[in-house]
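Enquirer: Next input, structure requested:
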Amino acid sequence: MSDYEKSYRACACLTGMDFQALARQMNLQDRRNLYMAVTAPIIAYSTARIIYSLVASRPRIVDEVFRSPRAALQLLSAQRSEDLPYPPNALPGGRDVDTPYGTIRVYEWGPESGRKVLFIHGISTPSIAFASIANSLAEQGCRVMLFDLFGRGYSDAPDPKQYHQNIQLFTSQILLVLTSSKLAWTGADKFTLLGYSLGGGIAAEFTSYFPQMVGSLVLIAPAGLMRPSRISRSSKLLYGGLFPEVLVNYLISRRLESGQTAPPGMEKPKGSGETPIAPADAAQSEVPSHPAHAANSLASIFPDRPGISPARAVSWQLHAHPGFLAAFISSIKYAPVGASHERWRLIGARQTAQRASAEPEQKVQGLQQGKVLILLGKQDAVIISDEVEEDATVVLGQENVKVVKLEGAHDVPIVNAKGCVDAILEFWG
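Expert: Below is the predicted model:
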């Protein structure tokens, strides 16, 4: 049998092709042509692999970080900085913590020997939403620490395309914030974790992973147990990856802007105002146009600073922080808004085990009060108080949760800070 016939039969077995017909068309009776036809695909594949290896081995591009408005403040006068909806000195004890993800704005004050309380704010309004509660607790002898989530306020935003705004990223940020203090927040004396809205969902999941660190858990209008029926079809479509990113960004920015007046120096041209569009799901509950608290969206966060309100703070972030919108959208997609029932059940199970056992290990794993405190606004049209009470009781266990309903809508920590503080102090005993 000739070499040609052997090559033909081998190729025919491998490809199932009528190689004789192909050979007649390509004149493959010439052995050189035959060898070229057989080896060309192998050469092409090998070349592609070499090129890919060279490209893949190139130096890694530095991760993109969207810088907060801190740098822009250097161009403003002191008086103009004071007029911002979120002045850089809005809270005492401010510091900027450098991390691999970008800089984090942290505030810490109060007696160093007091009960330590870490605050986690919601999806849109930065840490100043806790101003009244934090000041009141500090006056009661607590050591309080607040920080801006990535992409909010004066914290940078690691590129949300690479670092999704999920519990993994938020957990890393919390640990970085805790270790930035000159005090020991992670020692034998466990701290209190207080989360609001999205921050409540984050706080609950963090506690489920680090029970040895959290001594008391307080959740205000928390996300995490949101019922699917509360998320509209339009929101599911909008955040489901069906629409182009440019369109999604435009629609969400309109919802967030909600026709509010832009901060000084950032006004839109006349005639560019948008018709307010109500946000559609729970993650957007803090947006000023939401019916849950539209009437109080301009309520002053600080008694002596009427220009600082949730609505103006959100509008300022939209204009001033290049990473805010992307971080916001990423949080809606990946943050613990709903479906956190298993993590909550783990917290309840630890409380039950703590109550039934005298073992020191169980005491360390459980909360000091033996319960989770949940504060809800009676008029909250997003985090429905009756639904959350029912669902939290099921997943945590009736003996493991205390629910207090206060006057106010979803902005209850702002408009009823005193009620929140009174409930917290009573819970601590």
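Enquirer: Run through the stretch 301-429 of the chain and note the low-pLDDT ranges.
Expert: Counting by pLDDT under 70, the stretch 301-429 of the chain shows no low-confidence range.
Enquirer: Strands along that one, start to end?
Expert: Here the stretch 301-429 of the chain has its strands, by DSSP state E, counting those that start in this stretch, at 372-377, 401-406.
Enquirer: okay, the angle between the last one and strand 372-377?
Expert: What that stands for is strand 401-406. Relative orientation of strand 401-406 versus strand 372-377 (axes from the mean of the first three to the mean of the last three CA atoms, to 10 degrees): 20 degrees.
Enquirer: ok, now which ones touch residue 134?
Expert: Residues in contact with residue 134 (CB atoms under 8 Å, 6 or more residues apart in numbering) are 91, 107, 117, 119, 144, 146. In this view, the C-beta of every residue, glycine as well, is placed from N, C-alpha and C.
Enquirer: Share the number of residues neighbouring the fourth one, please.
Expert: By the criterion of other CB atoms under 10 Å, residue 119 has 25 neighbours.
Enquirer: Of the strands of the stretch 301-429 of the chain, which stretch is the most buried?
Expert: The highest mean neighbour count among those, using mean count of other CB atoms under 10 Å, belongs to strand 372-377: a mean of 26.
Enquirer: Can you list the strands that it pairs with?
Expert: As defined by DSSP bridges, the strand partners of strand 372-377 come to strand 214-220 (parallel), strand 401-406 (parallel).
Enquirer: Need the contact partners of it.
Expert: Counting by CB under 8 Å, 6+ apart, 204, 216-222, 292, 347-348, 351, 383, 385, 388-389, 392, 396, 400-413, 416, 420, 423-424, 427 sit against strand 372-377.
Enquirer: Separate out the buried members of those residues.
Expert: 204, 216-222, 292, 347-348, 351, 383, 385, 388-389, 392, 396, 400-406, 408-413, 416, 420, 423-424, 427 (16 or more other CB atoms under 10 Å).
Enquirer: how's this protein carved up into domains?
Expert: 3-56, 78-429 (automatic domain parsing).
Enquirer: Could you tell me how far residue 363 is located from residue 212?
Expert: 11 Å (CB to CB, to the nearest Å).
Enquirer: er, residue 311 actually
Expert: Separation of residue 311 from residue 212 (CB to CB) stands at 40 Å.
Enquirer: Compare the two and say which one has the larger neighbour count.
Expert: More neighbours surround residue 311 than the other of residue 311 and residue 212, with 24 against 11 (other CB under 10 Å).
Enquirer: What separation is there between that one and residue 393?
Expert: 34 Å.
Enquirer: Then residue 411?
Expert: 24 Å.
Enquirer: Residue 314 now?
Expert: Per CB to CB, residue 314 is found 33 Å from residue 393.
Enquirer: more neighbours, those two?
Expert: residue 314 (27 against 16).
Enquirer: Could you verify my assumption that that one touches residue 123?
Expert: No - between residue 314 and residue 123 there is no contact under CB atoms under 8 Å: 9.9 Å.
Enquirer: nearest to residue 302, of the strands paired with strand 372-377?
Expert: strand 214-220 (18.7 Å; CB to CB).
Enquirer: CA atoms only: put the closest one into CSV for me.
Expert: Output of strand 214-220 as CSV, limited to C-alpha atoms (Å, rounded to 0.1, in the frame of the first residue of the first chain):
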residue,chain,number,x,y,z
VAL,A,214,-20.5,40.3,67.1
GLY,A,215,-21.9,40.5,70.6
SER,A,216,-25.2,42.3,69.8
LEU,A,217,-27.1,42.6,66.5
VAL,A,218,-29.5,45.5,65.8
LEU,A,219,-31.3,45.7,62.4
ILE,A,220,-33.3,48.7,61.3
